[in-house]
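[1] my questions concern the predicted model and sequence given below.
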Amino acid sequence: MNTREKYSQSQNLKKSWNLYATKAAAPVVIDGNLKDAAWRKAQTVYLTRFKKDVVEVNTRVKMLFDSENLYFGIECDEPDTANMIV
C-alpha cells in the first residue's frame with residue numbers, strides 16, 4: 001500500500017468514528033433505560049474493533065444534549081457482568 005492509500009484509509013477510519021449529539025426532543029430520564037422517547041431519537045453508533053483487537057460483545061453508544069447537559073448512553077451486551085474486572 002502506498003502513502004496516498006494509507007492516508008486515505010486513515011481518513012476513512014477517522015470519519016467512521018464520528019458521533020453526533022442529537023438534541024433531546026423529550027426530557028432525558030437518567031435511569032439506565034435507553035428505550036424512552038428521548039433516547040429513541042438519538043443516533044446509534046456501534047463500537048468496532050481497532051486494528052487487530054477482537055470484539056467479543058456488541059457495544060452501542062448514543063449521545064444527546066439539551067440546553068444544560070450532554071448525555072451519553074452506552075449499551076453493552078456483556079453476558080458475564082458478575083465476573084468483570086474494572
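    That came in fine, so what should we check first? Numbers count the residues shown, from 1 in each chain.

[2] what ranges do the strands span in this structure?
    For the chain, applying DSSP state E gives strands covering 22-23, 45-46, 59-65, 70-76.

[3] same question for stretch 41-52, mean pLDDT?
    Averaged over stretch 41-52, pLDDT sits at 80.

[4] quick one: end-to-end distance for it.
    This stretch, stretch 41-52, spans 32 Å end to end (Cα to Cα, to the nearest Å).

[5] then stretch 34-53?
    Stretch 34-53 end-to-end distance (Cα to Cα) = 27 Å.

[6] let me see the contact set for M84.
    Counting by Cβ atoms under 8 Å, 6 or more residues apart in numbering, M84 touches E78. Bear in mind the C-beta positions are built from the backbone N, C-alpha and C, glycine included.

[7] any low-confidence regions in the protein?
    Along the chain, the model assigns pLDDT under 70 to residues 1-19.

[8] give me the number of residues near E75?
    15 (other Cβ atoms under 10 Å).

[9] re earlier: make JSON lines out of the strands of the chain and add distance to D36.
    Below are the strands of the chain laid out as JSON lines (distance: least, Cβ to Cβ, whole Å):
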{"stretch": "strand 22-23", "distance to D36": "13"}
{"stretch": "strand 45-46", "distance to D36": "19"}
{"stretch": "strand 59-65", "distance to D36": "11"}
{"stretch": "strand 70-76", "distance to D36": "10"}
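
[10] right, I'll leave it there.
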